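**Student:** let's see this in three dimensions:
(one chain, ligands or ions: 1)
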Amino acid sequence: MPDLATVVAEIAAEMAAREDRGTVATYIPELGRVDPDQFAIAVALADGSVVEGGACETFFSIQSVSKVFTLTLALGLAGDRLWNRVGREPSGSRFNSIVQLEQERGIPRNPFINAGAIAVTDTILSGHQPKEALGEILRFLQFVANDDAVFIDRQVAASEERTGFNNRALANFMKGFGVLDHPVEHVLGVYFHHCAIAMTARQLARAGSFLAHQGRNPATGHRVVTAERARRINAVMLTCGHYDGSGEFAYRVGLPGKSGVGGAILAIVPGKASVAVWSPGLDASGNSHLGRIALERLTARMGWSVF
Ligand code: DON
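**Tutor:** Below is the predicted model:
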């Protein structure tokens, strides 16, 4: 078995040397200001240690990777009732697509496309003011990362709040079908802010650890969810975590993974590791270009694909 530290160092050097870096998202103007020439990889292991390469202490916008954690929280609140308002099938459509919503009576295909994540956020709002719901989400991230330095980047949230017309359309459309319980602006306020959570690759790798170890964070000993729930969240990540690029990601990387337009990917190696990669340039499906290539190399060299 190759040495993990050597493999991680090699991948970081290879990614630093590449000229093809994808395209930084600009539809959220604040994300368009991020330097594409950055890369980080952090691998959190069962003994609590983290093997790192690149800029693992640089904060980035986790964007849709936050949807893994809001799904975990919403399942904790609503249990399997959550699946009455959001499906768990791949959409085959872009992350912000509206086409299936009309045909499927306002029920989003899965919790990771924007429409589905907005429905999940609505579930977390139950019995809470928006500020309290957001506080719950932030504290949960800090808890699973075991690090209070995780924060909400207000500038990124405000930037999306100014330009989030597409998400407003999705939310209003679902509201029209009776799928959302709370006022659209409350739900979107919480959604935009949880997408704007900023973390480092080291923190994100640690935060995903409970999914790699049957629901228990090995670094802290905290049980976050049951083994069964961790397995199911991983299944949805594998099938839906990269939107219309989910098949390609499973084919090339072979791990449950969740991407975000900030350029982060969280990937889970069941029983072994939680991996965070970050590179801001995206591919055509809105997933990190170098992040995916780095994970492909990691699983190939370490023999870590689940298949
Ligand atoms: O709602 C949005 O469009 C963003 N806040 C999140 C989208 C996202 O991260 C898609 N992922 N690759």
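
**Student:** can you give me the buried ones in stretch 183-193?
**Tutor:** Judged by neighbour count (16 or more other Cβ atoms under 10 Å), stretch 183-193 contains these buried residues: V184, H186, V187, L188, G189, V190, Y191, F192, H193. Where C-beta positions appear, they are placed from N, C-alpha and C, glycine not excepted.

**Student:** can I get it as PDB, trimmed to CA atoms?
**Tutor:** The C-alpha trace of stretch 183-193 is given here as PDB (Å, rounded to 0.1, in the frame of the first residue of the first chain):
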ATOM      1  CA  PRO A 183     -42.200  32.600   4.300                       C
ATOM      2  CA  VAL A 184     -40.000  32.400   1.200                       C
ATOM      3  CA  GLU A 185     -37.800  35.200   2.300                       C
ATOM      4  CA  HIS A 186     -37.200  33.500   5.700                       C
ATOM      5  CA  VAL A 187     -36.300  30.200   4.100                       C
ATOM      6  CA  LEU A 188     -34.000  31.900   1.500                       C
ATOM      7  CA  GLY A 189     -32.300  34.100   4.200                       C
ATOM      8  CA  VAL A 190     -31.300  31.000   6.100                       C
ATOM      9  CA  TYR A 191     -30.400  29.100   2.900                       C
ATOM     10  CA  PHE A 192     -28.100  31.900   1.500                       C
ATOM     11  CA  HIS A 193     -26.400  32.200   4.800                       C
END
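
**Student:** tell me if it is near the ligand.
**Tutor:** No - in this structure, stretch 183-193 remains apart from the ligand according to Cβ under 6 Å from any ligand atom; the gap is never smaller than 6.6 Å.

**Student:** hmm, back to that, need the buried residues of stretch 183-193 in TSV with secondary structure and pLDDT, can you?
**Tutor:** As requested, the buried residues of stretch 183-193 are exported to TSV (DSSP: H, G, I helix; E, B strand; the rest coil; pLDDT from 0 to 100):
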residue	secondary structure	pLDDT
V184	helix	98
H186	helix	98
V187	helix	98
L188	helix	98
G189	helix	98
V190	helix	98
Y191	helix	98
F192	helix	98
H193	helix	98
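
**Student:** all strands for this structure, in order.
**Tutor:** 23-24, 40-45, 50-54, 60-61, 151-152, 197-199, 257-259, 264-269, 273-278, 281-282 (DSSP state E).

**Student:** any chance of those in a markdown table, plus distance to G215?
**Tutor:** Compiled in a markdown table, the strands of the chain are given as follows (distance: least, Cβ to Cβ, whole Å):
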| stretch | distance to G215 |
| --- | --- |
| strand 23-24 | 35 |
| strand 40-45 | 15 |
| strand 50-54 | 20 |
| strand 60-61 | 26 |
| strand 151-152 | 26 |
| strand 197-199 | 21 |
| strand 257-259 | 17 |
| strand 264-269 | 12 |
| strand 273-278 | 13 |
| strand 281-282 | 31 |
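
**Student:** the ones you listed: which one's closest to M174?
**Tutor:** strand 257-259 (21.5 Å; Cβ to Cβ).

**Student:** what's that closest one packed up against?
**Tutor:** Helices and strands touching strand 257-259, by 3 or more Cβ pairs under 8 Å, 6 or more residues apart in numbering; DSSP states H and E, are helix 227-240, strand 264-269.

**Student:** so which of those is the most packed in?
**Tutor:** Per-stretch averages of neighbours, counted by mean count of other Cβ atoms under 10 Å, single out strand 264-269 among the helices and strands packed on strand 257-259, with a mean of 28.

**Student:** before we move on, the earlier item: of all the buried residues of stretch 183-193, which comes closest to M237?
**Tutor:** The shortest gap between M237 and any of those belongs to Y191, at 19.0 Å (Cβ to Cβ).

**Student:** what residues are up against the residue lying closest to the closest one once chain neighbours are set aside?
**Tutor:** What sits nearest to Y191 in space, not counting adjacent residues and going by Cβ to Cβ, 6 or more residues apart in numbering, is T121, at 4.6 Å. In this structure, T121 makes contact with T70, A74, A133, V187, V190, Y191, H194, judged by Cβ atoms under 8 Å, 6 or more residues apart in numbering.

**Student:** hmm, back to that, closest to L138 out of the helices and strands packed on strand 257-259?
**Tutor:** strand 264-269 (16.7 Å).

**Student:** run through who's touching that closest one.
**Tutor:** The list of residues contacting strand 264-269 from outside it, by Cβ under 8 Å, 6+ apart, reads 60-63, 65, 68, 199, 201, 204-205, 207-208, 211-212, 234, 237, 253, 255-259, 274-278, 287-288, 291-292, 295, 299, 304, 306.

**Student:** please tell me how far G215 sits from I268.
**Tutor:** Distance of G215 to I268, given as Cβ to Cβ, to the nearest Å: 12 Å.
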